[in-house]
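# Quick one: sequence and predicted model below, then my questions.
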Amino acid sequence: MKYPIYFDYNATTPCDEEVIEAMLPWFGTHFGNAASKNHAYGWMAEDAVETARSKVAELIGAKSKEIIFTSGATEAIHLGIKGISDYYRGEKQHFITCQTEHKATLDTFQSLEKNGAEVTYLAVDGLGKLEMHLLEKAILPHTKMIALMWANNETGNIFPMEEIKQLAKQKDLILFTDAVQAAGKVPVSVLDLHLMAISAHKLYGPKGIGALYIRHNHHQPKPIGQILGGGHEKGFRSGTLNVPAIVGFGKAAEIRLKVMESENVRLKNLRNLLEKKLLDLPGTKLNGDQENRLAHVANIAFEGVEGEELLRLVNKEIAVSSGSACSTISPKPSHVLNAMGLDGDLARSSIRFSLGMQTTENDILLAVEHVKKVLDTLR
């Protein structure tokens, strides 16, 4: 099968060859259960898990004991948010999040609302930026948590996390962040955070493995475990550990620490080239904050064309998306772009281009040429 050129790295990334190589022995030769404490098979697996845990922790500036492995970021988000709500069961609860969060976060909060919690969904401006005075104004006496993503998966916008941290610290509130798109792409630190969700398959690791950072040695409560049975992962997440995937996660984190800075420079140059050429076409507009965003993401609106047909024709030659991979099963326009004030038609005819390790300058030029042909056909 001839694949299109890949421009959807925010949806998922290919496993790095070194990651695959590191994982392979743990499917066969070293197949032990990390919870088997009485023999060498288990000891080997447990040691591999703890080595990987240290590497993942190093990527985000955490201690290894603060990393809890999950099946992915969605589960980590659910554990962090729902687990804190369960801790405060019986109390009046208020949470603050944002309209442009990932659906995993929004859907979790909507489930809490059904159980009686209050949730404030902060608005953003036309560039998708969060205004800090609105966040501070939203804090109530019974606010339990602020939950805001580090970087947006659709626009690449980076939230002012250092300012958010200081406000949460000043108000003595739990701060949770979905750092799925940020970790391994830009420097992130858990300093002054309480909870952080990350995922391996967004940083050239395997699918099906994620982690929740849970701050230790702090007076704020830790989340209540959501999956019971065996007390694995310090009781936060029971279940047999996926050793090959955890090893792969650790290797991917190790690699990203080494290449992140140089790769950011390369991708920013390619992204700028892509944007310059696309925005030179008539009826095009950049969605999002041009300055404070991830180096590899461009979200472009194309006026005067039908969104579904645009996406279908563009994807014949280049693999792109109209928003989150978790939401593209719905024909509705992106909730992120809607929150930024784009009308439904323009939001539907917007495309997210996300670049990665395998993207070349030639790929950029071919993509622009193809998009131009599609626009000429549709217009």
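Nice, I can see it. Keep in mind that what you see is a predicted model, and the values were worked out from it rather than measured. Numbering: from 1, shown residues only.
# contacts, neighbours, all on C-alpha from now
Noted.
# Could you give the number of residues near Leu140?
Neighbour count of Leu140, defined by other C-alpha atoms under 10 Å: 12.
# what about it, distance to Val119?
Noted for Leu140: a distance of 11 Å to Val119, by C-alpha to C-alpha, to the nearest Å.
# Quickly list what's touching both of those two.
Both Leu140 and Val119 are in contact with His94, where contact means C-alpha atoms under 8 Å, 6 or more residues apart in numbering.
# Contacts only, for Gly225.
If you count contacts by C-alpha under 8 Å, 6+ apart, Gly225 has them with 79, 83, 235-237.
# at 10 Å what do you get?
79-80, 82-84, 86-87, 231, 233-238 (C-alpha atoms under 10 Å, 6 or more residues apart in numbering).
# Could you do Ala347 as well?
Taking C-alpha under 10 Å, 6+ apart as the definition, contacts of Ala347 comprise 287, 300-303, 307, 322-323, 332-338, 340-341.
# Now do the buried residues in the stretch of helix or strand it belongs to.
Following DSSP states H and E, one finds Ala347 within helix 344-348. Neighbour-count burial for helix 344-348, with 16 or more other C-alpha atoms under 10 Å as criterion, is recorded at 345-348.
# picking that back up, among the contacts of Ala347, the buried ones, what's the PyMOL command?
Paste this into PyMOL to select the buried members of the contacts of Ala347, with burial taken from 16+ other C-alpha under 10 Å:
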select buried, resi 287+300+301+302+303+307+322+323+333+334+335+336+337+338+340
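# What sits closest to Ala298 if chain neighbours are left out?
Phe353 (5.2 Å; C-alpha to C-alpha, 6 or more residues apart in numbering).
# And the pLDDT for the one you found?
Looking at Phe353, its pLDDT stands at 98.
# Using just helix, strand and coil, how would you label it?
strand (DSSP: H, G, I helix; E, B strand; the rest coil).
# What is the burial count for Leu106?
18.
# Which members of the contacts of Ala347 occur in helices, if any?
When DSSP state H defines the helices, the subset of the contacts of Ala347 inside them is 307, 335-338.
# Report the two of the residues you listed separated the most.
Using C-alpha to C-alpha, the ones in helices among the contacts of Ala347 reach their maximum pairwise distance at Gly307 and Val336, which is 15.8 Å.
# Verify the stated contact: Thr13 with Tyr204.
Yes: between Thr13 and Tyr204 there is a contact under C-alpha atoms under 10 Å: 5.1 Å.
# now the helices for the stretch 1-150 of the chain?
In the stretch 1-150 of the chain, the segments counted as helices under DSSP state H, counting those that start in this stretch are 17-23, 40-60, 73-87, 103-114, 132-138.
# Output the first one as PDB - backbone C-alpha positions only.
Coordinates of the C-alpha atoms in helix 17-23 are reproduced here as PDB (Å, rounded to 0.1, in the frame of the first residue of the first chain):
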ATOM      1  CA  GLU A  17      13.600   2.100  15.800                       C
ATOM      2  CA  GLU A  18      15.600   2.200  19.000                       C
ATOM      3  CA  VAL A  19      12.300   1.900  21.000                       C
ATOM      4  CA  ILE A  20      11.200  -1.100  19.000                       C
ATOM      5  CA  GLU A  21      14.600  -2.700  19.500                       C
ATOM      6  CA  ALA A  22      14.500  -2.100  23.300                       C
ATOM      7  CA  MET A  23      11.000  -3.600  23.600                       C
END
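# Enumerate the positions of that helix that are buried.
19-20, 22-23.
# helices or strands up against that helix?
helix 243-279 (3 or more C-alpha pairs under 10 Å, 6 or more residues apart in numbering; DSSP states H and E).
# Next, the residue most central in space within the chain: phi, psi?
Central residue of the chain (C-alpha atoms, centre = their mean): Val180, 2.4 Å from the mean position. Note on Val180: backbone dihedrals following degrees, to the nearest 10 are phi -60, psi -40.
# Which secondary structure state is assigned to the nearest residue to it once chain neighbours are set aside?
Computed as C-alpha to C-alpha, 6+ apart, the closest residue to Val180 that is not its neighbour in sequence is Ile198, at 4.4 Å. What three-state DSSP gives for Ile198 is strand.
# Can you report how many residues neighbour Ile198?
Going by other C-alpha under 10 Å, the residues that sit close to Ile198 add up to 29.
# Got the confidence number for it?
Per-residue pLDDT puts Ile198 at 98.
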